[in-house]
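Engineer: model the following, please.
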Amino acid sequence: MPPPPPSRRRENANEDDPSVRALFARDVDFSSRREIPLNRSTRSKSNALPAAPRVSAKRTAKLTSKAKALAVSKTTPTKRRGRPPKKLAVKLVKMTPAPAPAPASQRKRRGRPPSSSKVPPKKRGRKPAAIKSAALGVLAELATTPTRRGRPPKSPAPAPTPTPTPTPKRRGRPPKHAGKSMGRPRKNAKKTPGRKPKKTPTQTTPKRAARQPAYVEEDEFSALASDSDDAATEEIGTPATVLNPGRKSRGGARGALAAVSPQKPSTPAGRIPIVDYMGIDLVTDTTEMDAVVKVFCTHTEPNYSLPWQRKRQSASTSSGFIIRGRRILTNAHSVEHHTSVKLKKRGGDKKYEARVLAIGVECDLALLTVDDDEFFAGTTPIDFGQLPSLQAAVTVVGYPIGGVAISVTSGVVSRIEVTSYSHGSSELLGLQIDAAINSGNSGGPAFNAQGGCVGVAFQSLKADDAENIGYVIPTPVIMHFIRDYEKNGKYTGFPTLPATWQKLENPNMRKFLKMTPAQKGVMVRRVDPVSPGSNKLKNGDVLLSFDGVEIANDGTVPFRTGERISFHYLVTEKFVGEKARVTFLRDGTTHAVDLPLTQVPRLVPVHIEGVPPSFYIAAGLVFTTVCVPYLKSEYGKDYDYDAPVPILNRMMYDQVTDKGQNVVVVAHVLSAPINIGYEDIVNTVVNGFNGKPVSNLKQLADMCDGCKDPFMRFELDHNLLVVLKTKEAHGATQDILKTHCIPSAKSQDLK
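Structural biologist: Numbers count the residues shown, from 1 in each chain. Okay, here's the model as predicted:
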């Protein structure tokens, strides 16, 4: 039966009702008696509107109750996710007595059905007029809801006229609340997290072979209601209200139907909740940490093998900390041979130029200062604490390798004794700890539990059979260094005993020295001839006490409860120039003298401070003095095993007998016609020149320059002899210097 004319449709729909006019404005057909299949061509080209499928009475009642609940509920819906559709059309579930044949232009066409279509319902039949009127009333009330905010549709809404307009084609991804798509799913489509909706009897699984016509689903009621849902959307994270706590709230009409009671925001399945994982700043007092600085130093070390030039410039980083008096304390080896020293504060990005005030080689400490007042602003100097006890907790702070930020390691005090300082080759009090000390920790403070500085990290033991052995310069050594600088305006060093001694643990040895059973001490083995106290002591004397402290047969003195330490510790507590009361036994008689304490010079010095190495060149023979840096340059870190034995013997056992005495060697020979046959001489000690003993390099240079003999004879170790004509040697020296680009034949200290 053909559809009635337009005038008949308006009359049946009660055109005078304003709510019904709003429905007509949304292109709703109330009198279609036959379902019209939709496809893409029909939706875009045909002017006929598709009719809604017929639904069972039970299903219609359920939809009606949902629509009424939506109309009554005024709560704020949950915010929808995803991109909303551009335009939603109203589809009405229409119950008619019998289906009417569709026009030829709207018949089923072949091709792929649209993605928003559904399978026609299985049950069909007449519906009572009461359901029809109830649905019309609910839709009339929903039609008056305000249009949702967001991007407006491409085409404006048509005027309220009975002429229907085609449903606009949807683009992009459908909303979450829309009906299930009938089209072929995309391969890479992203699944939406959430609970999968339960299939209803009106939904069937689409098949690719049988292309079903698209029908409008009853869920379009929710699509209409969702137009006004987003008008009052809350911020993400605000608790939503749901009617059914057991079901997850959604956007659109379904979310609005469920919005009644408060509920905590839930995290979608498979997603990590947005939580602040940074935590809070647990550091409440960073006064000590802020005083720790990073030291950037540029070194230009002399080339001891080629003493007329320097090595390539190198850079290093270490640690330091601010102390009272606008000064910074760090290690001596951190700023050795420095050309530039810069400091950076914790948490800062600016480097400040620093000046070196004093360097203590023996104790491996250095004092710095900064002229810029901004550097000390906002910092509190670190105070020193007392010497810790065994098993006391310590924390080492610094800037070691492995990163650029400040580092903190902790441990306990493992040992307290006189320790060998590798940089200064001296014996001073030291702390052994089990906290990690790595390269870059040098100069960093070690704090006790009260926040006081109890030492400065400076070295660690690296061996296959050793683990977690680090060393810290204790407070007594630090304070001795600082007081020495404050007292003298420069660093003068630690004094040494002007004699070497031997233990007296053997009872026969004690009887031979006429010691009583109650007497204990050590025997003087050798007295330094150039020391001020050389006339106070003799070889064979027995030292009984030092400044009133009795010395045991093994050379130790009481230190603290249950601890003993070498009596050399008592000597290092003195300052250079001071005197100590010494009691000794000589031929069975006890004597007491005031022994002056000074620094005893070494025949092979450990360091050459502030000046380049000395050298002298004669006819291609390069002469220089032996020092520990020179041996390291020639033989590496294991110089004490690889260096020639005669040189090591002089370094270990020989003493300085004359002021200014040192060991002179032929370092190597610059090849020239005048020195043919002598090219293989390397690091050989010079004992004499023209029958006279050589005491130091300056003496040798003066004798060579003033030689009047026709020949120059150099008497070397192992009875080697080098002979050159004096006149030819002086003439060839200038040519050799020019060939090897050497500016002068002697260093500045020899001129």
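Engineer: burial count for Gly588?
Structural biologist: Using other Cβ atoms under 10 Å, the number of residues around Gly588 comes to 10. Placement of C-beta: from N, CA and C, glycine included.
Engineer: I'd assumed Arg510 was in contact with it.
Structural biologist: No: Gly588 lies out of contact with Arg510 (Cβ atoms under 8 Å); the separation is 11.8 Å.
Engineer: in three-state terms, label Leu431 for me.
Structural biologist: Secondary structure, DSSP: H, G, I helix; E, B strand; the rest coil: Leu431 is strand.
Engineer: contacting residues around the closest residue to it other than its chain neighbours?
Structural biologist: Leaving out its chain neighbours, the residue that sits closest to Leu431 by Cβ to Cβ, 6 or more residues apart in numbering is Val472, at 4.2 Å. Contact analysis of Val472 by Cβ atoms under 8 Å, 6 or more residues apart in numbering lists 394, 396, 430-433, 437, 446, 454-458.
Engineer: which ones are touching the closest residue to Glu417 other than its chain neighbours?
Structural biologist: Using Cβ to Cβ, 6+ apart and skipping residues adjacent in sequence, the residue nearest Glu417 is Ile565, 5.9 Å away. Residues in contact with Ile565 (Cβ under 8 Å, 6+ apart) are Ile416, Glu417, Val418, Leu429, Thr556, Val557, Phe559.
Engineer: pLDDT score assigned to the first one?
Structural biologist: Spelled out, it's Ile416. With respect to pLDDT, Ile416 scores 93.
Engineer: pretty sure it contacts Leu431?
Structural biologist: Yes: between Ile416 and Leu431 there is a contact under Cβ under 8 Å: 5.8 Å.
Engineer: those two: which has the busier surroundings?
Structural biologist: Set Ile416 next to Leu431 and count neighbours by other Cβ under 10 Å: Leu431 wins out with 27 against 20.
Engineer: residues in contact with that one?
Structural biologist: Pro388, Val394, Val413, Arg415, Ile416, Ala446, Val454, Gly455, Tyr471, Val472, Ile473, Pro474.
Engineer: just say helix, strand or coil for the fourth one.
Structural biologist: Each residue gets one of three states, and Arg415 gets strand by three-state DSSP.
Engineer: from Asp434, how far off is it?
Structural biologist: With distances taken as Cβ to Cβ, to the nearest Å, Arg415 is found 10 Å from Asp434.
Engineer: more neighbours: which of the two?
Structural biologist: In this view Arg415 and Asp434 are compared by other Cβ under 10 Å, and Asp434 has more residues nearby, 17 against 14.
Engineer: contact partners for the more buried one?
Structural biologist: Residues near Asp434 by Cβ under 8 Å, 6+ apart: Gly411, Val412, Ser414, Asn468, Ile469, Gly470.
Engineer: for the strand or helix carrying the second one, name the packing helices and strands.
Structural biologist: When elements are defined using DSSP states H and E, Val412 is found to belong to strand 407-421. When contacts are defined as 3 or more Cβ pairs under 8 Å, 6 or more residues apart in numbering; DSSP states H and E, strand 407-421 sits against strand 393-398, strand 426-433, strand 470-474, strand 563-566.
Engineer: quick one: it to strand 426-433, angle?
Structural biologist: Between strand 407-421 and strand 426-433, the angle comes out at 150 degrees (axes from the mean of the first three to the mean of the last three Cα atoms, to 10 degrees).
Engineer: buried residues, strand 407-421. List them.
Structural biologist: Ser407, Thr409, Gly411, Val413, Ser414, Ile416, Val418, Thr419, Tyr421 (16 or more other Cβ atoms under 10 Å).
Engineer: shaky segments in this protein?
Structural biologist: Scanning the chain for pLDDT under 70 picks out 1-56, 67, 70-286.
Engineer: okay, the contacts of Val472 in JSON lines with distance to Thr625 next?
Structural biologist: Formatted as JSON lines, those follow (distance: Cβ to Cβ, whole Å):
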{"residue": "Val394", "distance to Thr625": "41"}
{"residue": "Val396", "distance to Thr625": "38"}
{"residue": "Gly430", "distance to Thr625": "30"}
{"residue": "Leu431", "distance to Thr625": "35"}
{"residue": "Gln432", "distance to Thr625": "35"}
{"residue": "Ile433", "distance to Thr625": "38"}
{"residue": "Ile437", "distance to Thr625": "34"}
{"residue": "Ala446", "distance to Thr625": "38"}
{"residue": "Val454", "distance to Thr625": "39"}
{"residue": "Gly455", "distance to Thr625": "35"}
{"residue": "Val456", "distance to Thr625": "32"}
{"residue": "Ala457", "distance to Thr625": "33"}
{"residue": "Phe458", "distance to Thr625": "28"}
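Engineer: among these, which ones are buried?
Structural biologist: 394, 396, 430-433, 437, 446, 454-458.
Engineer: what's the closest of those residues to Ala57?
Structural biologist: Val396 (83.9 Å; Cβ to Cβ).
Engineer: the closest one contacts Asn468, doesn't it?
Structural biologist: No: with contacts defined as Cβ under 8 Å, Val396 does not count as touching Asn468, sitting 11.9 Å away.
Engineer: could you pull out the buried residues of the helix or strand harbouring His730?
Structural biologist: Element membership of His730 [criterion: DSSP H and E] is helix 726-739. For helix 726-739, burial by neighbour count (16+ other Cβ under 10 Å) applies to Thr726, Ala729, His730, Ala732, Thr733, Ile736, Leu737.
Engineer: will you turn these into a markdown table that also has distance to Met652?
Structural biologist: A markdown table is the format used below for the buried residues of helix 726-739 (distance: Cβ to Cβ, whole Å):
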| residue | distance to Met652 |
| --- | --- |
| Thr726 | 37 |
| Ala729 | 35 |
| His730 | 37 |
| Ala732 | 37 |
| Thr733 | 35 |
| Ile736 | 35 |
| Leu737 | 36 |
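Engineer: and Ala291, how far is that from Ser334?
Structural biologist: 17 Å.
Engineer: tell me which of the two has more neighbours.
Structural biologist: Per other Cβ under 10 Å, whichever of Ala291 and Ser334 has more neighbours is Ser334, with 27 against 22.
Engineer: contacting residues for the residue nearest to the more buried one when sequence neighbours are not counted?
Structural biologist: Nearest residue to Ser334 in three dimensions, chain neighbours excluded: Ser318, at 3.9 Å (Cβ to Cβ, 6+ apart). Applying Cβ under 8 Å, 6+ apart to Ser318 gives the contacts 294-295, 297, 330-331, 334, 398-399, 440-444.
Engineer: could you redo the last one with a cut-off of 10 Å?
Structural biologist: Ser318 is in contact with 293-297, 330-331, 333-335, 398-400, 439-444, 457-458, counting by Cβ atoms under 10 Å, 6 or more residues apart in numbering.
Engineer: what residues of the helix or strand containing it count as buried?
Structural biologist: In this assignment (DSSP H and E), Ser318 forms part of strand 314-323. Under the neighbour-count criterion of 16+ other Cβ under 10 Å, strand 314-323 has Ser316, Thr317, Ser318, Ser319, Gly320, Phe321, Ile322, Ile323 buried.
Engineer: same deal with stretch 690-708?
Structural biologist: Buried residues in stretch 690-708 (16+ other Cβ under 10 Å): Val694, Ser695, Asn696, Leu697, Lys698, Gln699, Leu700, Ala701, Cys704, Cys707.
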